[in-house]
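Colleague: pasting a predicted model and its sequence here:
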Amino acid sequence: MNTPIYLDYAASTPVDPRVAQRMHDCLTSFELQGNPSSLTHRFGRAAREVIEQARVQVANAIGATPASIVWTSGATESDNLALFGAARYHGDRGKHIISAKTEHKAVLEPLRKLEKQGFRVTYLKPDQHGIIHPEQLLEAMTDDTILVSLMHVNNETGVIQDVAGLGSLCRDRNVIFHVDAAQSAGRLPIDVNQMKIDLLSCTAHKIYGPKGAGAWYVRRSPILGLEPMIIGGGHELGLRAGTLSTHQIVGFGLAMELAVSERTADHARVTRLRDQLWQGLQANTDVTRNGHSTQCVPNILNVAFDGVEGESLLFSLQELIVSAGAACASGSDEASYVLRALGRSDQEAQSSLRFSLGRFTSEQDISVAIAAVTREVSRLRSLAAGLP
Amino acid sequence: MISGAAASEYSPAVLGRFKHPSYGGVGMDQANVLHATAGSRSSGASVRLSLKIGNGNVEQARFQAYGCPHFIAAADMLAEWCEGRSIAELSNWSWQSVEQSLDVPPSKRGRLLVLELALNNVISVLRTTQSAAG
């Protein structure tokens, strides 16, 4: 069987060969094998130096100072550290947190745990296109709201939230604003100061870097109080203990720098491919787009194929690697909670696929994808024609 | 999100029947054909079973189905089993044998019961038709 066409970049991106080479160089350089915290000898200082270069690369991508970047294992860890750290430190001045129904589980599950620990959480419902409007946030805020956590770009629909508008509302009311930027850091311009972001989570493996490397932006001016969740060594300014993974971080730094320097070209090329895919699907099958048609990133296209069962469609498309909103093979028939929050029925959500494109997607890949989807949607619809 | 369904999640028997069902569709002479449905799209599994009856036997069986690969493969297997059976024999069908043959996970047992319901419904239609005729 030929290698399938990878259209699941929103789940994870392949490592860019330039990043892989830099990581290889790092791993094979004997002088970089010291513990980056061992500043008393040359090897430790050499490792620390390349880590600090990467810190600058990541900080520059989000308009932050290097001192405000904490290395983590990925966005999930950053989300956990941000939510638990902020809630526990600031819990004495309020017990109310605001988030959205469409957040990633890396945010929702920590919030559920905080609810069990006495916090109240309001989950905002987006409009039918996936947008959270500032007035919704304003209406939900109370005197004891201490934290708002909203994602920049939704991982299922690609919808972009007005982070700057939401951030201003939080800052005006002295409410901490956390942004999960796993899908946007490097892809979209971010300036944590202009957007009034206090805490931000991002990861390397969504921007052609290695898995297992992430970053957490923590506002330093004025200093934001946080309870450290991982202790034992005082690393990363006492907020996240543990020996740093030099080659992972170096790879992350380069991946972020490349994402920013090639953003304009990547954006234009992927937009063209996404439009080709959407037009091809529309021309050949009866489809509905999930999300917003313009307020979205170009690399994600979420499509509902009415009358087609999602798991069967996903499985039929063996030549493609895509994601579905639900699959009963996993033991769960639960439809995508994100699409349900947008007002889609269980059936519509289960009939939806997410195509996510990236740096290595070609026009030929898109042509093959359109042909395969058209063929299988037609076959499955024919098999189910007229059924209740 | 669930990423790309892996072929290893399904047995070879499911793969074959899902990709190339031999008994799918409605392609048969509609004279003396009885239909029954069960399930619903909203519940994730819906099926119509069509049996062409002649001389007290099922001469042809066809199905239409909306559901996961296991469900479609099981519907194909049910239709195959029905062909050539006498009307009396139809009530001997066992979803457990299909579960075993196709290696259907326990979480999907409910979908096999939808097929059993469709078969029971078509048997009821048969009996009603026979009573009316006789």
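Modeller: Received, thanks.

Colleague: now for the host helix or strand of B:Ala36, which elements pack on it?
Modeller: Secondary structure from DSSP states H and E places B:Ala36 in strand B:33-40. Here strand B:33-40 touches strand B:45-54, helix B:109-133, going by 3 or more Cβ pairs under 8 Å, 6 or more residues apart in numbering or on different chains; DSSP states H and E. For every residue, glycine as well, the C-beta is placed using N, CA and C.

Colleague: distance from the chain centre to the last one, please.
Modeller: Relative to the mean C-alpha coordinate of its chain, helix B:109-133 is positioned 11 Å out (Cα atoms, centre = their mean, to the nearest Å).

Colleague: what's the angle between it and strand B:45-54?
Modeller: 30 degrees (axes from the mean of the first three to the mean of the last three Cα atoms, to 10 degrees).

Colleague: what's in contact with helix B:109-133?
Modeller: Residues from elsewhere that reach helix B:109-133 (Cβ atoms under 8 Å, 6 or more residues apart in numbering or on different chains): B:34-39, B:44-49, B:51, B:53, B:67-68, B:70-71, B:74-75, B:78, B:82, B:87, B:90-91, B:93, B:95, B:98-99, B:104.

Colleague: on that earlier part again, so which bits of the strand holding B:Ala36 are buried?
Modeller: Neighbour counts using 16 or more other Cβ atoms under 10 Å in any protein chain shown place B:Val33, B:Leu34, B:His35, B:Ala36, B:Thr37, B:Ala38, B:Gly39 of strand B:33-40 among the buried residues.

Colleague: over to stretch A:15-24?
Modeller: A:Val15, A:Asp16, A:Val19, A:Ala20, A:Arg22, A:Met23.

Colleague: outside of the host helix or strand of the fourth one itself, list whatever touches it.
Modeller: Which is A:Ala20. Assigning secondary structure by DSSP H and E places A:Ala20 in helix A:17-28. For helix A:17-28, contacts defined as Cβ under 8 Å, 6+ apart pick out A:15, A:32, A:50, A:208-210, A:246-248, A:250-251, A:254-255, A:258.

Colleague: make a ChimeraX selection of the buried ones in those residues.
Modeller: The buried subset of those, as determined by 16+ other Cβ under 10 Å, is captured in ChimeraX by this line:
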select /A:15,32,50,208,209,210,246,247,248,250,251,254,255,258
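
Colleague: next up, the contacts around the residue nearest to the spatial centre of chain B.
Modeller: Centroid check for chain B by Cα atoms, centre = their mean gives B:Ala75 as the closest residue, at 3.2 Å. Contacts for B:Ala75 (Cβ under 8 Å, 6+ apart) come out as B:Pro21, B:Tyr23, B:Gly24, B:Val47, B:Leu49, B:Phe63, B:Ala65, B:Gly67, B:Leu115.

Colleague: rerun that using 6 Å as the cut-off
Modeller: When contacts are counted by Cβ atoms under 6 Å, 6 or more residues apart in numbering or on different chains, B:Ala75 touches B:Val47, B:Phe63, B:Ala65.

Colleague: that one belongs to a strand, doesn't it?
Modeller: No - judged by DSSP: H, G, I helix; E, B strand; the rest coil, B:Ala75 forms no part of a strand; its state is helix.

Colleague: low-confidence stretches in chain A?
Modeller: A:1, A:325-334 (pLDDT under 70).

Colleague: please enumerate the strands of it.
Modeller: Residue ranges of the strands in chain A, as given by DSSP state E, are A:5-6, A:69-72, A:96-100, A:120-124, A:145-151, A:176-180, A:199-203, A:214-218, A:287-290, A:300-305, A:320-321, A:323-324, A:352-356.

Colleague: ok, which of those strands comes nearest A:Gly234?
Modeller: strand A:69-72 (12.4 Å; Cβ to Cβ).

Colleague: what lines up beside that closest one in the sheet?
Modeller: strand A:214-218 (antiparallel) (DSSP bridges).

Colleague: any chance of the contacts of helix A:17-28 in TSV, plus distance to A:Ala304?
Modeller: Formatted as TSV, those follow (distance: Cβ to Cβ, whole Å):
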residue	distance to A:Ala304
A:Val15	32
A:Leu32	49
A:Val50	46
A:Tyr208	29
A:Gly209	32
A:Pro210	34
A:Thr246	45
A:His247	42
A:Gln248	37
A:Val250	41
A:Gly251	37
A:Leu254	38
A:Ala255	33
A:Leu258	34
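
Colleague: now the two most distant members of the contacts of helix A:17-28.
Modeller: By the measure Cβ to Cβ, A:Leu32 and A:Tyr208 form the most distant pair in the contacts of helix A:17-28, at 21.5 Å.

Colleague: list the contacts of stretch A:173-193.
Modeller: So stretch A:173-193 is in contact with A:61-64, A:75, A:79, A:82, A:86, A:107, A:145, A:147-149, A:151-153, A:155, A:163, A:167, A:170, A:197-203, A:206-207, A:217, A:256, A:259, going by Cβ under 6 Å, 6+ apart.

Colleague: for the nearest residue to A:Ala259 once chain neighbours are set aside, give its distance to chain B.
Modeller: Counting by Cβ to Cβ, 6 or more residues apart in numbering or on different chains, A:Gly186 is the residue found nearest to A:Ala259 once chain neighbours are left out, at 3.2 Å. Plainly put, A:Gly186 is 20 Å away from chain B if you go by Cβ to the nearest Cβ, to the nearest Å.

Colleague: with A:Gly118 instead?
Modeller: 31 Å.

Colleague: which residues touch the nearest residue to that residue once chain neighbours are set aside?
Modeller: Leaving aside its sequence neighbours, A:Gly118 sits nearest to A:Lys95 (Cβ to Cβ, 6+ apart; 6.1 Å). Neighbour list for A:Lys95: A:Phe119, A:Arg120, A:Asp144 [criterion: Cβ under 6 Å, 6+ apart].
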